[in-house]
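1. mind folding the following:
(chains A, B and C)
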Amino acid sequence: MKYIINDEIDLHKIAHSGQCFRWRDLGNDSFLIPAFGKVVRVSQGKDLELSCTEEEFQSIWYQYFDLGRDYTSIRNMIDKNDCFLYNAGQAGKGIRILRQDPLETLISFIISQRKSIPAIKTSIEKLCRACGHLIGNFEGEEIYSFPDLNDLINADISKLEACSLGYRLPYILKTVEELGKDPGLLDEMKEMDDHALIQRLMEFYGVGIKVASCTGLFGFHRTNLFPEDVWIKRALQDNYKEGFPFEKYRPYNGIMQQYIFEYYRTTAGNQ
DNA sequence: AGGCAGGCGCTCC
DNA sequence: GGAGCGCCTGCC
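-> Sure, this is the predicted structure:
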């Protein structure tokens, strides 16, 4: 089906923004995207072409791409006197914060710690093959879902040990066990305010401030959360000696973080 | 070939 | 409450 684009969206920039690890670049501005137990092929031309029904688009992908939000007007909030952020916003035009599954996001960012992005992707794909479900086929290759809570709880340890999780495996096992004992917890967390959500996330073994912030921003769509990794810390040190003006961009500091992250990493950070 | 990666828990003080 | 350190392992 076709979706008429009426706000900025750039699949390439989203794919490289570090919020999702399973998109596959098919070339020709097309991506294969598994999420919520489905897989869709999306091509970006003048409009968005999706290999799914109108019904599936409405029930899953419209929300997933956050198409109900006007990112152009959020980007226009940027103070033009703040050259760094303004340029970052220009460069990041088309980035959107996906509405991803909370459990998938939590587990993915536990895995992400002290791993490079290629290593994160490898590890997550192994995990999906180890205990996810077959959800599609692309050019003869099987596509698997990200495992749900039951999949993770019931998974053989030996299979998980083959997923290159390293010292993060016990983090995941404990987190999954805890969630299994309280199956309504993730839903309850959706109702918490940002601060309470971060605090609760950090109670999970292996989840610190960075993983909690990423999970909140990308998995609970808390657009004001501002994960600070090494790149962001360097960017703020270089450009905001007086501190970043968080008050000015509430409740969209997380979106500003995305612009800064990508911009600094691909330009200023390399100089 | 060996250091480093999009952190975290633990152990000191 | 914060600085220092070890950690699994794939990737460049």
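2. number of nearby residues for the closest residue to DNA strand C within chain A?
-> Closest approach between chain A and DNA strand C, counting by Cβ to the nearest atom of the strand: A:Gly166, at 2.4 Å. Backbone N, C-alpha and C define where each C-beta goes, glycine included. Using other Cβ atoms under 10 Å, the number of residues around A:Gly166 comes to 15.
3. also A:Gln44?
-> In terms of burial, A:Gln44 registers 17 neighbours under the definition other Cβ under 10 Å.
4. in the stretch 51-200 of chain A, which residue sits nearest DNA strand B?
-> Here the stretch 51-200 of chain A gets closest to DNA strand B at one residue, A:Gln113, 3.2 Å apart by Cβ to the nearest atom of the strand.
5. doesn't A:Lys210 make contact with that residue?
-> Yes: A:Gln113 sits in contact with A:Lys210 when judged by Cβ atoms under 8 Å, with a separation of 7.5 Å.
6. ok, back up a step: show me the contacts for the residue of chain A closest to DNA strand C.
-> When contacts are counted by Cβ atoms under 8 Å, 6 or more residues apart in numbering, A:Gly166 touches no other residue.
7. mind pulling up the pLDDT for it?
-> Reading off the confidence values, A:Gly166 has pLDDT 95.
8. swap in A:Thr266?
-> Per-residue confidence for A:Thr266 comes out at a pLDDT of 82.
9. equivalent analysis for A:Glu8, please.
-> What the model reports as pLDDT for A:Glu8 is 98.
10. go on, A:Phe146?
-> Each residue has a pLDDT score; the one for A:Phe146 is 97.
11. count of neighbours near it?
-> Count around A:Phe146 with other Cβ under 10 Å applied: 27.
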